[in-house]
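S.K.: How does the following fold in three dimensions:
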Amino acid sequence: MSPLEYAQYLLLVAMSWTTPSGDLYDAACLGTNFIFTGYHDALCPERRSWRDIKESTRYTFYYPRQSQGELPGKYPLVILFHGVSSAHTVTMEKRRRFFLSRGYAVMVVDSYSQERVLAGLPQNVRNKMPSCETKYTEEEKHWVMHLFQERVTQGYALTPSVRAVDVYVALDAAYREPKVDSSNMSLVGYSHGASTILEALTLAYFRKTPPGAKDTPINLLDGVRSVVLYYPSCRPGIYFHWLRKWPAIPTLMILGKRDSLCRMENCQNINTVINKKAGYSVIQEEIYDAPHNFDMEEFPDDYYPKVEALAKERTMKFLESCN
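M.R.: As a prediction, this is how the structure comes out:
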């Protein structure tokens with residue numbers, strides 16, 4: 001965390017003391033009206049109804065192939081949350097196939113709806129966008145998505161706290177899916193997706209509605225058996241860091257010693273506090289000598305295939321131990 005980012009965080013904490021709710025995001029919404037205005041749209045999104053949120057959230061269920069003569073039954077479910085790179089990458093496809101090969105149904109949540117992508121662009125760019133009737137070229141689509149992804153990384157669009165509603169939508173849909181064993185579901189997130197799960201479960205613990213939502217169901221965690229988080233960000237400025245509470249759901253954090261984007265020390269410090277309060281290791285850690293994105297072929301300089309294999313097997317052992 002840079003000195004500027006830390007100064008921003010301290011300012012938000014100070015401003016939270018002056019807001020009626022004392023909430024971090026309410027303070028951020030107030031504060032970015034005056035300073036750090038570039039963050040305002042991300043930290044103070046328009047509140048939408050649960051119905052509207054459900055209708056605009058995209059997800060897909062996948063199921064293992066059944067052997068000939070095998071009777072249909074309900075599957076344990078793994079719900080995958082992608083990082084900034086989106087749900088449509090070679091690595092996300094590999095992750096999906098891996099869990100399917102181990103007998104799990106897989107739900108992939110795509111957080112990058114067209115509505116969110118366009119809303120996450122700078123106003124001056126949105127003003128120059130072609131009309132809805134105009135078809136974008138592939139080059140234009142690539143440029144728009146790249147710009148949006150940069151803004152998500154920088155905190156100017158779709159923060160993990162706002163994206164937390166996707167976790168609730170996914171769980172709500174999973175409970176209704178006839179092929180899913182809704183008493184045996186696991187949440188698995190990567191980078192920004194892992195931070196999204198951190199925020200969603202922290203907010204659920206406190207029965208708080210995520211920023212950008214008018215209302216959400218609050219009793220959706222009963223069927224969640226386990227959580228696996230690959231290299232999340234636990235830095236100041238998110239609810240997980242601020243509130244330091246966690247539901248009694250077994251959780252595994254997979255962290256990298258060489259991660260310069262999401263420093264593992266931030267997570268370790270909070271995990272120590274949470275585990276001490278719980279009286280046991282509700283959040284376990286697995287640390288590898290690897291950088292951020294160590295399991296993503298799209299980043300060849302950071303890709304560590306041996307560590308990727310170890311992390312996948314560690315994930316499976318953890319999921320199986322929670323069944």
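S.K.: Any figure for the gap between I238 and M264?
M.R.: Noted for I238: a distance of 15 Å to M264, by Cβ to Cβ, to the nearest Å. (Glycine included, C-beta is placed from N, CA and C.)
S.K.: What average pLDDT does stretch 91-98 get?
M.R.: In this model, stretch 91-98 carries a mean pLDDT of 97.
S.K.: Do a quick rundown of the helices in the chain.
M.R.: Applying DSSP state H to the chain gives helices spanning 3-16, 24-31, 40-43, 50-56, 90-101, 114-119, 123-127, 138-154, 160-163, 165-176, 192-205, 239-243, 264-278, 305-321.
S.K.: Between those, which one is closest to S233.
M.R.: Closest of those to S233 is helix 192-205, at 4.8 Å (criterion: Cβ to Cβ).
S.K.: Tell me the helices and strands packed up against that closest one.
M.R.: strand 75-81, helix 160-163, helix 165-176, strand 180-190, strand 224-230, helix 239-243 (3 or more Cβ pairs under 8 Å, 6 or more residues apart in numbering; DSSP states H and E).
S.K.: could you dump it to PDB, C-alpha only?
M.R.: Taking Å, rounded to 0.1, in the frame of the first residue of the first chain, the C-alpha atoms of helix 192-205 are listed here in PDB:
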ATOM      1  CA  HIS A 192     -10.400  -9.800  -7.000                       C
ATOM      2  CA  GLY A 193     -12.900 -12.600  -6.800                       C
ATOM      3  CA  ALA A 194     -11.300 -13.800  -3.600                       C
ATOM      4  CA  SER A 195     -11.600 -10.300  -2.200                       C
ATOM      5  CA  THR A 196     -15.200 -10.200  -3.300                       C
ATOM      6  CA  ILE A 197     -15.900 -13.300  -1.200                       C
ATOM      7  CA  LEU A 198     -14.100 -11.700   1.800                       C
ATOM      8  CA  GLU A 199     -16.400  -8.700   1.600                       C
ATOM      9  CA  ALA A 200     -19.600 -10.700   1.000                       C
ATOM     10  CA  LEU A 201     -19.100 -13.000   4.000                       C
ATOM     11  CA  THR A 202     -17.900 -10.100   6.300                       C
ATOM     12  CA  LEU A 203     -21.000  -8.100   5.400                       C
ATOM     13  CA  ALA A 204     -23.200 -11.200   5.900                       C
ATOM     14  CA  TYR A 205     -21.700 -11.700   9.300                       C
END
